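Visitor: Quick one: sequence plus predicted model below, questions after.
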Amino acid sequence: MTKKKRSIQIDKNNFFIRKIYFHKYFILVYYLICTKIIPKGKGGDILKKTAAVLISIMFLMTLLIAVNADAAATYIGAKKCKACHMKQYKSWEATTMAKSFENLKAGVKAAEKKKAGLEDKDYTTDPKCLKCHTTGYGKGGFVSMEKTPDLAGVQCEGCHGPGGDFHQIMKKNKEFPLAEAKAAGLIIPSEDEKGCMTCHGGDSPFIEKVDAKYKFDFKERLKKTHEHFPLKNKH
Ligand code: HEC
Ligand code: HEC
Ligand code: HEC
Ligand code: HEC
């Protein structure tokens, strides 16, 4: 692809847009009051005009957010986490997960692919492989190397959940209650073996049956995700 498709991008995390979207019903009530109830007296025209402007904004936002539901990803990518979690990032970067996308290229790990019943060809656009070798594929995250290069490989959000909302909570208050971050989507991986198994089991070509080295021992694997550092605050 050489031509880039033009599309309207709405940042769902933008404060102003969220406020308007959140208050859409209040705006609707305000509109009804301004146009139906008050206009009997004086000043009705100005009120009608402001109400019309507000209602137009409201409809536009609702429409744009609905249309862009997929484009407005809540996955933010490891680079954003890195800004506040440098130590975990450095340690994760050294694991095979960080470079997991490379394995989909032709010529890489040809012997391992053959053993698992795969061919030695380019798999970098195969949706079957992408769902496990990228971050958030099919869930508003990774789309393609052209569009979302920062979400290639198995990143932080593959284990900790999409960070669009929970990183805002971390940013606002270093002592955030853990329950609040969890409610905003944060996953504590040791509580989510099922989450690991969506990639380490199921239809993965690289399971214990193919080679004992692919066995997934949850407790052992938890230790090898990245190095852990004590938190400074209580959560
Ligand atoms: C989105 C899919 C996905 C999820 C979810 C996932 N993994 Fe993985 N993981 C992979 C892939 C793919 C690799 C292999 C990387 C490679 O070689 O391409 C891997 C590799 C690993 C490794 C080896 C790292 C190394 O360098 O030795 C560990 C440890 C691991 N995963 C632990 C976990 C744990 C624990 C969970 C759950 C909390 C988990 N993974 C969830 C896809 C996933
Ligand atoms: C259901 C998830 C899943 C799917 C689908 C999947 N993989 Fe993986 N893949 C994994 C996991 C997990 C590992 C790491 C296994 C481990 O180290 O225990 C892995 C490892 C690999 C490896 C490295 C093996 C090694 O010994 O170093 C290659 C190469 C690879 N996958 C290629 C592919 C290709 C190509 C496809 C698509 C045809 C694909 N995978 C589909 C989850 C998946
Ligand atoms: C393969 C899964 C996995 C991936 C990928 C992953 N983590 Fe973790 N993370 C864990 C586990 C396991 C813990 C330990 C907490 C628990 O689950 O009880 C943890 C804990 C943390 C903690 C708490 C402090 C600490 O050091 O234990 C932070 C902060 C963190 N991760 C940030 C990150 C960041 C940033 C990335 C990406 C650069 C990342 N994680 C990628 C599994 C993962
Ligand atoms: C603006 C800074 C910032 C960003 C960006 C950020 N975090 Fe955090 N995060 C924090 C702070 C501050 C803490 C609390 C650290 C402490 O108490 O020592 C924290 C704590 C955590 C914890 C530990 C939660 C607990 O109580 O067990 C995890 C896991 C975590 N972050 C993951 C992530 C991931 C994954 C990303 C990226 C999607 C991310 N963070 C982005 C600031 C941030």
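Guide: Thanks, I have the structure now. Residues are numbered from 1 along each chain as shown. Ligands and ions are numbered 1, 2, ... in the order given.
Visitor: Near ligand 1, which residues of the protein? Just list them.
Guide: 95-97, 100, 103, 132-133, 154, 158-159, 189, 192, 195-196, 198-200, 221-222, 224-225 (CB under 6 Å from any ligand atom). Using the backbone N, CA and C atoms, a C-beta is placed for each residue, glycine as well.
Visitor: Just give the number of residues close to residue 214.
Guide: 15 (other CB atoms under 10 Å).
Visitor: so who does it touch?
Guide: By CB atoms under 8 Å, 6 or more residues apart in numbering, residue 214 lies in contact with 204, 206-208.
Visitor: Next one: the nearest residue to residue 197 once chain neighbours are set aside from residue 120, what distance?
Guide: Closest residue in space to residue 197, ignoring its immediate chain neighbours: residue 216 at 7.2 Å, by CB to CB, 6 or more residues apart in numbering. Noted for residue 216: a distance of 25 Å to residue 120, by CB to CB, to the nearest Å.
Visitor: go on, residue 191?
Guide: The gap separating residue 191 from residue 120 is 39 Å, by CB to CB.
Visitor: again with residue 96
Guide: Distance from residue 96 to residue 120, by CB to CB: 19 Å.
Visitor: ok, now which ones touch the residue nearest in space to the middle of the chain?
Guide: Nearest residue to the geometric centre of the chain (CA atoms, centre = their mean): residue 75, 2.0 Å. Residue 75 is in contact with 135-136, 139-142, 151, 157, 162-164, counting by CB under 8 Å, 6+ apart.
Visitor: Selection in PyMOL covering whichever of the residues you listed are buried, please.
Guide: In PyMOL, a selection of the buried entries from the contacts of residue 75 looks like this (16 or more other CB atoms under 10 Å):
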select buried, resi 135+136+140+141+142+151+157+162+163+164
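Visitor: quick one: which of the contacts of residue 75 is nearest ligand 3?
Guide: Proximity of these to ligand 3 (CB to the nearest ligand atom) peaks at residue 157, which lies at 7.8 Å.
Visitor: is it fair to say the closest one lies in a helix?
Guide: Yes. The assignment for residue 157 is a helix, going by DSSP: H, G, I helix; E, B strand; the rest coil.
Visitor: let's have the chain start at 593 instead
Guide: In the new numbering, first residue 593, that becomes residue 749.
Visitor: re the thing from before, please identify, among the contacts of residue 806, the one with the most neighbours.
Guide: Ranking the contacts of residue 806 using other CB under 10 Å puts residue 798 first, with 19 neighbours.
Visitor: so how far is residue 762 from that residue?
Guide: 33 Å.
Visitor: Close to ligand 2: what parts of this protein are there?
Guide: 695-696, 701, 704-705, 710, 715, 718, 720-721, 723-725, 791-792, 794-798, 806.
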